[in-house]
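Trainee: fold the stuff below for me.
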Amino acid sequence: MTHKTKGIVLRTIKYGETSLVVTIFTELFGVQTYMVNGVRSAKKTGAKASYLQPAAILDLIVYHGEHKPMQRIKEFSWAFLYQNVLSDVIKNSIASYMVELLFKCLKQPETNTDLFNFCEEALVELDSCSKKVAANFPLFFALHLTHFFGFRMEDNYSSGNNFIDLQEGIFTDHQPVHPHFIQGERAQLTSQLLKVMQPHELEEFNLNHITRRQLLLDYQDYYALHIPEFGQMKTLMVLHEVL
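Mentor: Alright, predicted model coming up:
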């Protein structure tokens, strides 16, 4: 039986001479793995394979069987045609970071329409936003993605509560006894970023690359404390370079 669904490509691995194994976060079935045959043949390499790169937003017609480790795609086409994300080095690096972060968090193939809508809207916003907004976009996405996985930070910052306990996800008035905390300016900026509801508001943040870099490392630490086997993000080093 076939189903129509949207999907965001998370990872693509070459298989054999002509096929791909593609991990896609679908609107209907959550994260799924698909075998796509013949897509890398000489006649199709320049066209169909380009649809299946990370961050692509697709309309899909898929075969779906419950509890199968790998599904199949009947048809796929663009659901949204990017103008910049797949061609601009900076925006592509940011999208790659967003997709890797999402991939590391998605552990079970369960439907989460709200999460899908958030990620789709974020990628569409990234495509058309200004350079300044784009530079702050990874911080916004990393902080707000936590909401969908149940460990969003509680924004109770004040001049007294100026430490973030990353193990507990709260602001506190004393330095935690463990090394996983944020303090001072970075804690205040995190509180301000938590208040951002729409990406265009990121235009108001005047951050230098050193502060952005440290915040992204802080947030990676936060995810590693709350997502089992999270590890290190491969795209973070690239992001540090381009930003």
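Trainee: C-terminal to the helix or strand encompassing residue 137, what's the next element?
Mentor: Residue 137 belongs to helix 131-145 when elements are defined using DSSP states H and E. The C-terminal neighbour of helix 131-145 among helices and strands, as given by DSSP H and E, is strand 163-165.
Trainee: so how far is that following strand from its chain's centroid?
Mentor: 24 Å (C-alpha atoms, centre = their mean, to the nearest Å).
Trainee: show residues contacting that strand.
Mentor: 153, 170-176, 180-183, 187, 190 (C-beta atoms under 8 Å, 6 or more residues apart in numbering). C-beta coordinates here come from the backbone N, C-alpha and C atoms, glycine included.
Trainee: wait, a helix at residue 215?
Mentor: Yes - assigned with DSSP: H, G, I helix; E, B strand; the rest coil, residue 215 falls within a helix.
Trainee: contacting residues for it?
Mentor: Residues near residue 215 by C-beta under 8 Å, 6+ apart: 139, 186, 189-190, 207.
Trainee: tell me what the lowest-mean-pLDDT helix or strand in the chain is packed against?
Mentor: Here the helix or strand of the chain ranked lowest by mean pLDDT, DSSP states H and E is helix 48-51, holding a mean of 81. Other helices and strands packing on helix 48-51, by 3 or more C-beta pairs under 8 Å, 6 or more residues apart in numbering; DSSP states H and E, are strand 71-80.
Trainee: list the buried residues of the strand it packs on.
Mentor: 71, 73, 76, 79-80 (16 or more other C-beta atoms under 10 Å).
Trainee: now residue 240: how far from residue 220?
Mentor: For residue 240, the distance to residue 220 (C-beta to C-beta, to the nearest Å) stands at 11 Å.
Trainee: who's more crowded, those two?
Mentor: Between residue 240 and residue 220, counted using other C-beta atoms under 10 Å, the more crowded position is residue 220 (18 against 14).
Trainee: much appreciated, bye for now.
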